[in-house]
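Peer 1: Just to be clear, the model below is a prediction. Sequence and coordinates:
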Amino acid sequence: MTASPSDPTPSPSPGPSHDPELRTAAETLAPQSLVELFANDPQRAERYRIEAAGMHYSYAKQRVDDGALDALLGFARRCDLEGRIAALFAGEMVNPTEGRAALHMALRAPAGQRWQALDEPVDKEVHATRERFLDFAEALRSGQAAAADGGAITDVVNIGIGGSDLGPRMVCEALAPLADGPRTHFIANVDAAEREAALARCDPARTLIIVTSKTFTTQETMANAAGARAWLVDALGEAAVGAHFAAVSTNLAAARDFGIPEDRVFGFWEWVGGRYSLWSAVGLPIGVAFGRSGFEQMLAGAHAMDEHFRSAPAEANLPVLMGLIGVWNRNLLGAESQVVVPYAQRLKHFVGWLQQLEMESNGKSVALDGSAVPGPTTPALWGDVGTNAQHAFFQMLHQAPRAHPVDFILPLAADHDDAQQQRLLIANCLAQSAALMQGRDESTVVAELEAAGLSPEAARAAAPHRVFSGNRPSATLLLPRLDAWHLGALLAAYEHRTFVQSVLWGINAFDQWGVELGKQLAKRVDAVLRGEVGENLDADTDALIQRALKRTS
Ligand code: F6P
């Protein structure tokens, strides 16, 4: 059965922040520290972990106990989480403000599985398109899809922004040691400095440019596409455009109008949200870098996580547990942000991808039924790779007044031969979560300082600065290694966690109306800067425009 906009998900009232059972569970738990929870339950580390799709998720260092988990599972039942997951996989209208399904799972399903979006079968089209864009990727890799002069393409530049950039950019970096195709480059920012730097690394005669835009109207992408076209035409002439451009879009007509030959335009569908699109033809740069088999391994890992998410009971479901704990931290423990620290240099773009996924999906204050959400929704999500992050913001994580829960992500096996540094990386990751939990109390600090030779008075004076309150929540996600399969599973786990949280908050995870106003005003300001109209925004913006005009004219 298909839901309709007039049949929205019942939003849980009064929301997780005010739910009596959750509040009672939080009050019962509050007096116990994490250290005490471990001391009182020798099995805690064993009981609070789960394996799925090759990933190991330990949530023993989260500030939850059985009472909290039971209350969360009860709340999830009252939100009909199971029914909402079934509706998601059934291709129902889970995005009613845009009248769309959200069926990114269909993109990574093996051939033969039946999928429907709003009652329309989609699986055959999905497979045909996947074959087509992977054939093109392979043709580029083999040199069969040649440049205008008949030589091979050695560099592929993706021009796109948001979901049309972050996913492929992150995956190409994450799996870089496995790349064996043309080099990939990414241009997103309307600041032409990024385009100039990327194109400076490329020879136009050997370069293919992919214009990736779901709408094919995004200002930044269209501006960069025009700039790249000029760069190419300047070097090779207008006739070379067909051999050196491709496009990925749901707006096939606009891509053709740009001058890109039809056989190089790869479509996807309205039911693929931009931030969930790397599994579609938006992943073409991934296919170029790692080939059909690399792309398919990533899909297979994600599909394994989809199957787990769809079928495992809530209490043994990895993305569900991640989502439940995320809501617990946010709404019951009052966490204002969620920190994510991958201990893998190759995941340096992971947080950027996750920021769009989580905050564009769940950064909302209106419930599905149009009412105000009764409490906070997504925390600010931020982070960076470890160990670099330890030397930047970990001071705050350890000693600021408020706790910021951390997700540690650690691929165990390295893709290099330096076993000693991999051991150091692992040691640092595990030490940080232990330090956040254990802390260090004043008497221990005083004893240490006295043992180091300080007088009792000096030790007592110095101690407060060296005390760690501890009791700060974290989770650790272990991957055996950072390969295409496990990366796919990791990304799908976070996608589903995002959906779970949206259900518990009663919001639509798949629209993004909040990005529109800024886009509209940017057009108005640009019209002022071009001298077409006078300023009429607000006193400060108008004054800033004046200063900008003085500097740029
Ligand atoms: O930032 C808003 C947004 O619409 C994102 O949702 C999307 O990923 C991005 O812009 C790019 O959009 P498009 O793929 O249509 O160019």
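Peer 2: Good, I have the coordinates.
Peer 1: Where does residue 84 sit: helix, strand or coil?
Peer 2: helix (DSSP: H, G, I helix; E, B strand; the rest coil).
Peer 1: Residue 504 is in contact with that one, correct?
Peer 2: No. With contacts defined as C-beta atoms under 8 Å, residue 84 does not count as touching residue 504, sitting 9.7 Å away. Just so you know, the C-beta spots here come from the backbone N, C-alpha and C atoms, and that holds for glycine as well.
Peer 1: and those two? which has more neighbours close in?
Peer 2: When neighbours are counted by other C-beta atoms under 10 Å, residue 84 and residue 504 differ, and residue 504 comes out ahead with 30 against 20.
Peer 1: who's in contact with the closest residue to the more buried one other than its chain neighbours?
Peer 2: Here the nearest residue to residue 504 in space, its sequence neighbours aside, is residue 327; by C-beta to C-beta, 6 or more residues apart in numbering that works out to 4.7 Å. Listed by C-beta atoms under 8 Å, 6 or more residues apart in numbering, the contact set of residue 327 reads 16, 72, 501, 504-505.
Peer 1: burial of the residue in the stretch 1-150 of the chain that the ligand sits nearest to, as a residue count?
Peer 2: In the stretch 1-150 of the chain, the residue that lies nearest the ligand is residue 98 (11.1 Å; C-beta to the nearest ligand atom). Using other C-beta under 10 Å, residue 98 has 17 neighbouring residues.
Peer 1: Apart from its neighbours in sequence, what residue is nearest it?
Peer 2: Using C-beta to C-beta, 6+ apart and skipping the chain neighbours, the partner closest in space to residue 98 is residue 511 (5.3 Å).
Peer 1: measure that neighbour to residue 216 for me?
Peer 2: In this structure, residue 511 and residue 216 are separated by 19 Å, where distance is defined by C-beta to C-beta, to the nearest Å.
Peer 1: When the two are compared, which one has more neighbours?
Peer 2: Counting neighbours by other C-beta under 10 Å for residue 511 and for residue 216 shows that residue 216 has the greater number, 24 against 18.
Peer 1: shouldn't the more buried one be in contact with residue 251?
Peer 2: Yes. Assessed by C-beta under 8 Å, residue 216 is found in contact with residue 251 at 4.0 Å.
Peer 1: which is the next helix or strand following the host helix or strand of residue 450?
Peer 2: Take DSSP states H and E as the rule and residue 450 turns out to sit in helix 442-451. Tracing the chain C-terminally past helix 442-451 and defining elements by DSSP H and E, one meets helix 456-466 next.
Peer 1: chain center to the next helix-or-strand element following that following helix: distance?
Peer 2: Note on helix 456-466: by DSSP H and E, the next helix or strand toward the C-terminus is strand 474-481. In terms of C-alpha atoms, centre = their mean, to the nearest Å, the centre of strand 474-481 is set 16 Å apart from its chain centre.
Peer 1: ditto for stretch 320-332
Peer 2: In this view, stretch 320-332 has its centroid 17 Å away from the chain centroid, taken as C-alpha atoms, centre = their mean.
Peer 1: same question for it, mean pLDDT?
Peer 2: Averaging pLDDT along stretch 320-332 gives 98.
Peer 1: swap in stretch 384-391?
Peer 2: 98.
Peer 1: Let me know the secondary structure of residue 335.
Peer 2: Strictly by three-state DSSP, residue 335 counts as coil.
Peer 1: So what does it have for phi and psi?
Peer 2: Backbone torsions of residue 335, given as degrees, to the nearest 10, read phi -70, psi 130.
Peer 1: Hmm, residue 405 and it touching each other?
Peer 2: Yes. Counting by C-beta under 8 Å, residue 335 touches residue 405, with 5.3 Å between them.
Peer 1: list the residues that contact both of the two?
Peer 2: When contacts are counted by C-beta under 8 Å, 6+ apart, residue 335 and residue 405 are jointly contacted by 329, 473.
Peer 1: Excluding chain neighbours, what is closest to the closest residue to the ligand within the stretch 301-450 of the chain?
Peer 2: Checking the stretch 301-450 of the chain residue by residue against the ligand with C-beta to the nearest ligand atom singles out residue 360 as nearest, at 5.8 Å. Nearest residue to residue 360, sequence neighbours excluded (C-beta to C-beta, 6+ apart): residue 512, at 5.0 Å.
Peer 1: okay, now the one you found: neighbour count?
Peer 2: There are 21 residues near residue 512, going by other C-beta under 10 Å.
Peer 1: Same check on residue 457?
Peer 2: Other residues near residue 457 come to 8 when the count uses other C-beta under 10 Å.
Peer 1: Equivalent analysis for residue 163, please.
Peer 2: Residue 163: 25 surrounding residues under other C-beta under 10 Å.
Peer 1: Pretty sure it sits in a strand.
Peer 2: No. Counting by three-state DSSP, residue 163 is not part of a strand but helix.
Peer 1: For it, which non-adjacent residue is spatially closest?
Peer 2: Counting by C-beta to C-beta, 6+ apart, the nearest residue to residue 163 once its immediate chain neighbours are dropped is residue 274, at 2.9 Å.
Peer 1: go on, residue 111?
Peer 2: Skipping the residues right next to it in sequence, residue 111 comes nearest to residue 127 by C-beta to C-beta, 6+ apart, at 5.3 Å.
Peer 1: got the buried residues for stretch 469-478?
Peer 2: Of the residues in stretch 469-478, those buried under the neighbour-count criterion (16 or more other C-beta atoms under 10 Å) are 470-478.
Peer 1: for those, which one is nearest the ligand?
Peer 2: Compare each of these with the ligand using C-beta to the nearest ligand atom and the shortest gap goes to residue 477, at 24.8 Å.
Peer 1: how about the residues of the stretch 201-350 of the chain near the ligand?
Peer 2: Contacts of the stretch 201-350 of the chain with the ligand, taken as C-beta under 6 Å from any ligand atom, map to 213-215, 218, 221, 274-275.
Peer 1: now those in CSV, with secondary structure, distance to residue 306 and neighbour count?
Peer 2: CSV is the format used below for these (DSSP: H, G, I helix; E, B strand; the rest coil; distance: C-beta to C-beta, whole Å; neighbours: other C-beta atoms under 10 Å):
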residue, secondary structure, distance to residue 306, neighbour count
213, coil, 26, 28
214, coil, 22, 24
215, coil, 26, 13
218, coil, 28, 21
221, helix, 29, 25
274, helix, 19, 26
275, helix, 17, 26
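Peer 1: Save the buried residues of stretch 469-478 as a markdown table, and put in distance to the ligand and pLDDT too.
Peer 2: Conversion of the buried residues of stretch 469-478 to a markdown table gives the following (distance: C-beta to the nearest ligand atom, whole Å; pLDDT from 0 to 100):
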| residue | distance to the ligand | pLDDT |
| --- | --- | --- |
| 470 | 39 | 97 |
| 471 | 37 | 97 |
| 472 | 33 | 98 |
| 473 | 30 | 98 |
| 474 | 29 | 98 |
| 475 | 27 | 98 |
| 476 | 30 | 98 |
| 477 | 25 | 98 |
| 478 | 30 | 98 |
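Peer 1: Any stretches of the chain with poor pLDDT?
Peer 2: Low-confidence segments of the chain, defined by pLDDT under 70: 1-13, 553.
Peer 1: can you give me the helices in the stretch 401-550 of the chain?
Peer 2: Taking DSSP state H, counting those that start in this stretch as the criterion, the stretch 401-550 of the chain carries its helices at 419-438, 442-451, 456-466, 484-505, 516-529, 539-552.
Peer 1: if you compare those, which one is most tucked away?
Peer 2: Looking across these with neighbours counted as mean count of other C-beta atoms under 10 Å, the highest average goes to helix 484-505: a mean of 25.
Peer 1: and that one, what other elements does it pack with?
Peer 2: Applying 3 or more C-beta pairs under 8 Å, 6 or more residues apart in numbering; DSSP states H and E, one finds that helix 484-505 contacts strand 55-58, helix 66-78, helix 81-89, helix 166-174, helix 284-311, helix 318-327, helix 361-362, strand 474-481.
Peer 1: Say whether the ligand is contacted by it.
Peer 2: No. Among the residues of helix 484-505, none lie within reach of the ligand under C-beta under 6 Å from any ligand atom; the closest is 13.6 Å away.
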